[in-house]
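In: A predicted structure for the sequence below; I have some questions about it.
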Amino acid sequence: MSISFRAHAVRVAAKRELRSTLYGVGLYAALAVIFLASGYFFVNSSIRSALDAGVLALQNPITEPFFFSVGLAATYLGLCSALSVSRDRDQGTLEVLFYGPVDTISYLMAKFFHQLLAFVVVLAFAIVNFYVISLITNLGFTADFVGFLVLSLFLTSCMVSFGIFLSVITRRMMASVIAFLALVLFFLGFSVAHTIVMSLPGESMTPLLVYVRVIIDNMNSVMQWISPLSYFSRGMTAVFMKDFGQYALSLFSSVVYTGILFSLSVAIFKKKGVRR
Amino acid sequence: MRLFRLPFDRSVAAIVVTLLTLVLSLGAAAQESRETTDEDAQREEVRRSVEEAAGAARQAIEAVPDPAQAATQASEEQLSQGTPVREEMFVYSLSPWTGSAFGGTFAPKNVDTIFLMEGSHSIVNAQRTEVYYWPITSEYMANWFEMREEVPGRLQIEQNGQVIETLERVDYGYYYPQGYGGPQLLNLGEEAVRAYDDYQSRIDAYYDSLTRYYDDQRQWQQTMDRILREVRDTGQPKDPDEIPQPPTQPQPPQDFAYQPRQAFAVNLPAGRYTVKVIGEDGNVVPDSERTLEVFKPRRTGVGLGVIPEHKWTRRFQSNDASDVFYLDGTRVFYILPYNAQEFNLFKYAKMTNLHKPLEGAGTRSAWTWVQFDPVADATLQVLKDGQVVQEIRQQPYYVKQSTGYALGYEIVRFDPENDPTHEGRAPTFEGYRVVMQDDADYELRFVDANGNVLAGSTRSVRALEQPGGSLFGISLIPLGVGAIIFGWRRSKRRKDSSSGDE
Amino acid sequence: MIETKDLTKRYGDFTAVSNLSLRVEKGEIYGFLGPNGAGKTTTIMMLLGILKPTEGSVQLFGESLDNDYFNIKRRIGVLSENQYFYEDLTAKEYLKFFGELYKVENVERRIDEVMGLVNLAKRKNELLKGYSKGMKQKLGLARALLHDPDVLILDEPVSSLDPYGIKEVRDILMEENRKGKTMFISSHILSEIERTCHRVGIMNRGQLLAEDSMSELKRRLMDEVQLFVELEEATDTILKSLKSLPFVVSLDVTHNQLMLKTAADKDYRGQLSSAITQAGGVVIDLRRHEMSLEEAFVTITEKNLSLLTKEGPAA
């Protein structure tokens, strides 16, 4: 009985939030900026490199900017999630919702599904954007793209649950935003540092640099379970590998990650309550 | 048994040089002997020289160290310095199969995990030696020359607490059918002994035939001297049938075989194991219990080395079949295919460098493509809309340096028969010349002699188009949609307010 | 409909609500009074399940919220003290959202009804960010009524309204009560409570000090009754006669106007009138002075009368 009521509350609350997102300008502006950036930094640079070399091998030149775009869009939605609970609490709208047939689980699930649905809209824009790019550049879609589409939903799921988690544990909007941005930047910076260090040729490394690499590699073994970006990265590798088992596993681990963060969010939310 | 090229490491090169020196000294000895006047003495001298050379060669062959020893042997200079302190310990000496050759390393007692590759035998031995750390190169070295004691016993392999295999030492020997630097084989058991005996008998036969050759050569020379004298004395030319053919110099065996030794030959499926040596008393030899990780490649494919004709120096490699080749206009390029496998960098590096603590450190999450032998006997197919439109065979090419002020190069077909500048030269590379039009999208793939597509050899080729400003224009689509929705909602609200919806 | 038992909420050493036991019957309008910090809002939040009680229990419709959370919540309408809205929505969109949340049938029609009820029908398509405080309060009431709940829990329902608005809301609440709705109203506008509530509970420092009907509460608060008498002429005979009456505690005279205090055990106005007449006096006016709710509220909360603790239900 309560499941159907809860599902109803989730549906209605998520719909309202989605409508609010779609009626605002934030999402569209963010997407335009993201697409511009991905067009400039990835598509344009790939094309210039290929034109410069005459012939060049590129691995999924559409997927890279797509990943960049959906990654940023997911981060944007994660940031919105990080804002959402603390904003509701700050503005008091959270309390009003809880006067009615809304409980912690349905409220947080509504937040979660709202962002996931918003991401479906993002995906629609991304597909159009990159399809048109592929047409005008002949960069071409690959079959992998479908895998990335599905995967990106799970990345968003991780990102949003991460955002909601931060939003629940912080009291104020500003604290949520700072915490989210700081952590995502840290994860991103770490990921970049890890990639760079891993790509350095071993022969030319000084012992100090080797020790730095060991530290980063060890940190990475922990970070890959904490950072929401790692889940997407693992899934991407699985797609490149055409390894369905790993792909399914990465999706599953994303679900587990989401589930754990969601459960923690519910527990902490219940402990902290809905009042300001 | 595997056939691949062996990296030319210094110790092995030294052996080859020794052998060549011996053969040359043999020739010199024979030449010198020709100048003596006493025939019997000459014959005896040649025989003795050849025997000496053969003995030296045999000694040299027997003294060839195994790869583990060759790679980790402490130098005289290091040993003479005496610091840091050498420590006698149990070690595993290892000659792991790397996919192209047998590497060499050893696992001192502080190394708890040994790495081997799946799918081929690798050589593992339990030994005691003196080990010390050489800080200058950050590696452990072993004093194999002065101390190399085999630890008797069996190698017990366990997985999940269960003994899955117990290995006794077997004879093993490396064999190079095309000579040193060529493909390498590992022979085990009787085959190793047979291969070595066969090689030795052919070496012996070679020296015997060499002795005979010098005898025949001397006799032929004497006959020729006599004929020349007769022609000079009579002024009459000889019938060509009367002139004898010179003897043919025998060729030494081109292959090479190691003298068999004994060790454990390990060949396991990928997984994590525990290895330990069970001594003759039935107890585990101290310090012999280690983790053995047998790994396999993450991906196997055909890597393509690509040389653009117009930019010889801008060559690149494509290991991943999901790579797409993008062209700007019609382009000519050369493809050099090779077999490639992708491994975890840490495991692959550690496999042959256990004695180097820093080697591969911090690369547990990194992957690397390893390039192996070139793909042989393949045909490159060019496909358009799924249909083969062209088949290209491998050809030799020569990179010709341009002369004059405009320094540059030109890639031409290597053709020593028709081009005199190629005479006496070797081709710069052998590859597949592809002329790609920018009129459509194509696909490249390699097929073997039976027409089977080589897995991982397919690449898409697409002609790029320059998008210009439209690339950024389409990024603004979301803003347009947002503006439409905003306007629609605003007008709807106004309409609702002004209509009867109150 | 609403029942709490030993409801307690503590924040560390501070006890916001202590052993609160109250009961609101079906169809009743219950006024919940108390000074700032008395624990009223904390109590309401515990009733709604928004705050978890440290001890004690809450039952709504005879059920604990834990047992049937969603069904119970759908039968309650709540108007909070402060109004919080999604300001990017119009009033209609806002109510539609809550209508869907509460599964209101014919939601568009119902929105028109409640917006009409609170006299905001003409403004329903305006964005909420343009609404005044009073409009928002009325919209909050509309939201609380939207799903036709059985119980209304109202926290300061008229605090931001002008007198006209207050009357509007009062009329709405009386009408809804007439239709059978139970109400639990917390307010600091005591006159409104006095006018609308059947029973009141008075909280102070987390404790329910008094809970009863208005008249009974006032009666219990008064040990003497003040009577105002205006005579045609206040003669000495009359005054002497009155002073000799055993139930008269004191007597003050100003011209022809008398202020008497009598015992509160019964109504002595008849005996008083008869005594004046017998002494030759003519009564022009005779009135009993009633204690207002404000006076009762102040008396109870400031003096914490032991009288109440002896007799009343509160501890």
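Out: Perfect, thanks for sending it.
In: ok, and the closest non-adjacent residue to C:Met135?
Out: For C:Met135, ignoring the flanking residues on the chain, the nearest one in space by CB to CB, 6 or more residues apart in numbering or on different chains is C:Leu120 at 6.3 Å. (Glycine included, C-beta is placed from N, CA and C.)
In: That neighbour and chain B, how far apart?
Out: Here the criterion is CB to the nearest CB, to the nearest Å. By it, C:Leu120 lies 10 Å from chain B.
In: low pLDDT regions in the stretch 201-315 of chain C?
Out: Low-confidence segments of the stretch 201-315 of chain C (pLDDT under 70): C:218-223, C:290-315.
In: Let's see that with 80 instead.
Out: By pLDDT under 80, the weakly predicted segments of the stretch 201-315 of chain C are C:210, C:213-225, C:263-266, C:289-315.
In: What sits closest to B:Glu280 if chain neighbours are left out?
Out: Counting by CB to CB, 6+ apart, the nearest residue to B:Glu280 once its immediate chain neighbours are dropped is B:Pro152, at 5.2 Å.
In: what's the distance between the lowest-mean-pLDDT helix or strand in chain A and the middle of its chain?
Out: Averaged element by element with mean pLDDT, DSSP states H and E, chain A has its least confident helix or strand at helix A:45-53 (a mean of 81). On the basis of CA atoms, centre = their mean, to the nearest Å, helix A:45-53 is displaced by 29 Å from the centre of the chain it belongs to.
In: Check which element follows that helix along the chain.
Out: From helix A:45-53 onward toward the C-terminus, using DSSP states H and E, the following helix or strand is strand A:55-59.
In: pLDDT score for residue 157?
Out: Reading this off chain A. pLDDT, A:Ser157: 92.
In: please go with chain C instead
Out: pLDDT recorded at C:Pro157 is 85.
In: now do the one 3 residues further on
Out: In this prediction, C:Ser160 carries a pLDDT score of 77.
In: does it really touch C:Gly134, like I thought?
Out: Yes: under the criterion of CB atoms under 8 Å, C:Ser160 lies in contact with C:Gly134, with a separation of 5.1 Å.
In: For C:Asp150, which non-adjacent residue is closest in space?
Out: C:Arg75 (4.6 Å).
In: How much space separates the residue nearest to B:Glu280 from chain C?
Out: For B:Pro152, the distance to chain C (CB to the nearest CB) stands at 73 Å.
In: ok, is the helix or strand containing B:Leu380 in contact with chain A or not?
Out: Per DSSP H and E: B:Leu380 is located in strand B:379-384. No: if you take CB under 8 Å from any CB of the partner chain as the test, strand B:379-384 misses chain A, and the best it gets is 14.1 Å.
In: Helix or strand next in line after that strand, which one?
Out: On the C-terminal side of strand B:379-384, the nearest following helix or strand under DSSP H and E is strand B:387-392.
In: Count the neighbours of B:Asp419 for me.
Out: By the criterion of other CB atoms under 10 Å in any protein chain shown, B:Asp419 has 14 neighbours.
In: again, but for the one 3 residues further on
Out: Here the number of neighbours of B:His422 (other CB under 10 Å) works out to 18.
In: What are the contacting residues of stretch C:165-175?
Out: Residues lying outside stretch C:165-175 but in contact with it, judged by CB atoms under 8 Å, 6 or more residues apart in numbering or on different chains, are C:29, C:117-119, C:134, C:137-138, C:141, C:145, C:152, C:154, C:157-158, C:161, C:183, C:185, C:189, C:192, C:195-196.
In: what about burial for the residues you listed, which qualify?
Out: Applying 16 or more other CB atoms under 10 Å in any protein chain shown to those, the neighbour count classes C:29, C:117-118, C:134, C:137-138, C:141, C:145, C:152, C:154, C:157-158, C:161, C:183, C:185, C:192, C:196 as buried.
In: Now do the helices in chain B.
Out: Using DSSP state H, the helices of chain B run over residues B:10-34, B:39-62, B:67-72, B:76-81, B:190-234, B:345-351, B:470-473, B:477-498.
In: same deal with the stretch 151-300 of chain C?
Out: Per DSSP state H, counting those that start in this stretch, the stretch 151-300 of chain C has helices spanning C:163-178, C:190-196, C:214-221, C:236-243, C:269-278, C:293-303. These are given in chain order.
In: Let me know how buried B:Lys495 is, in neighbour terms.
Out: The burial metric for B:Lys495, expressed as a neighbour count using other CB under 10 Å, is 11.
In: any idea of the pLDDT on it?
Out: Per-residue confidence (pLDDT) for B:Lys495: 81.
In: Which residues of the stretch 101-250 of chain A lie near chain C?
Out: With the criterion set to CB under 8 Å from any CB, the stretch 101-250 of chain A comes near chain C through A:101-103.
In: For PyMOL, write the selection for the buried entries among these.
Out: The PyMOL selection below is limited to those of those classed as buried (16+ other CB under 10 Å):
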select buried, chain A and resi 101+102+103
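In: Next, format the residues of the stretch 101-250 of chain A next to chain C as JSON lines and append secondary structure.
Out: What follows is these, written out as JSON lines (DSSP: H, G, I helix; E, B strand; the rest coil):
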{"residue": "A:Pro101", "secondary structure": "coil"}
{"residue": "A:Val102", "secondary structure": "coil"}
{"residue": "A:Asp103", "secondary structure": "coil"}
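In: Need the nearest residue in space to A:Leu229, chain neighbours excluded.
Out: On the basis of CB to CB, 6+ apart, the spatially nearest residue to A:Leu229 that is not a chain neighbour turns out to be A:Phe187, at 5.3 Å.
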